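A.B. asks: need a structure here:
(one chain, ligands or ions: 1)
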Amino acid sequence: MKIENNTVVGVNYALEVEGQPVDASGDTPLTYLHGHGMMIPGFEKQLEGLVEGDKYDFTVPAAEGYGELNPEAIVDLDKAIFLVDGNMSTEVFAGAQLQLTNQDGQPMVGVVQAISDDKVTMDFNHQLAGKELHFAGDIANLRAATEEEITHGHVHGPEGHQH
Ligand code: ZN
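C.D. replies: Now for the predicted structure:
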């Protein structure tokens, strides 16, 4: 069989960005349900049609990866937000990754870019936004998804639905 929508794909991969290793599947292949938007679009597109044992090596442009950099996701926040008992939190420094909560109560992860007298500039873009992604690896195993997996839109383990 080959990779198409509703194939459960076990894939070994290594991701490099600008020549640096960023992520890899390690000892166990990553397993995902193809065609349900679980992986970035450019990755699924490139794996389409491959069979078990195939090796691959390709580059995904930012637009088909984590998206282009959004300048509106770089924001100046009031420094008062970061004060603890009147002092700047020691967790806040240029380059620090912080999780804040937005007005809807959703967690948002951003990186501190700069700190001025009264503002903290934070970048809430995905850290891989605007980057070309280089993937290499091989297809470890393939099987057809069950009806239940297709309905749920995710892969089930040997004991069925786990979450
Ligand atoms: Zn399920």
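A.B. asks: domain ranges for this protein?
C.D. replies: 7-66+129-159, 71-123 (automatic domain parsing).
A.B. asks: is F93 in contact with Q113, as I believe?
C.D. replies: No: the criterion here is Cβ atoms under 8 Å, and F93 misses it with Q113 at 10.9 Å. Using the backbone N, CA and C atoms, a C-beta is placed for each residue, glycine as well.
A.B. asks: the domains of the chain: which one's closest to the ion?
C.D. replies: domain 7-66+129-159 (3.3 Å; Cβ to the ion).
A.B. asks: ends of the closest one, how far apart?
C.D. replies: Terminal residues of domain 7-66+129-159 are spaced 19 Å apart (Cα to Cα, to the nearest Å).
A.B. asks: against the ion - does that domain have any residue that ends up touching it?
C.D. replies: Yes: judged by Cβ under 5 Å from the ion, domain 7-66+129-159 comes into contact with the ion at H152.
A.B. asks: figure out how far that domain is from the centre of its chain.
C.D. replies: Counting by Cα atoms, centre = their mean, to the nearest Å, domain 7-66+129-159 is centred 11 Å from the centre of its parent chain.
A.B. asks: please apply the same query to stretch 3-15.
C.D. replies: Using Cα atoms, centre = their mean, the offset of stretch 3-15 from its chain centre is 16 Å.
A.B. asks: and the contacts of that stretch?
C.D. replies: Residues outside stretch 3-15 that contact it (Cβ atoms under 8 Å, 6 or more residues apart in numbering): 1, 21-25, 29-35, 47-51, 133-145, 149-150, 155.
A.B. asks: again, but for stretch 39-56
C.D. replies: Residues from elsewhere that reach stretch 39-56, judged by Cβ under 8 Å, 6+ apart: 1-4, 9, 11, 32, 34-35, 58, 60-61, 64-66, 133, 135-142.
A.B. asks: what does the closest residue to G65 other than its chain neighbours show for phi and psi?
C.D. replies: Of all residues not flanking G65 in the chain, L133 sits nearest, at 4.6 Å (Cβ to Cβ, 6 or more residues apart in numbering). Backbone torsions for L133, taken as degrees, to the nearest 10, come to phi -110, psi 130.
A.B. asks: for G105, same thing?
C.D. replies: Note on G105: its backbone torsions stand at phi 80, psi 10 [degrees, to the nearest 10].
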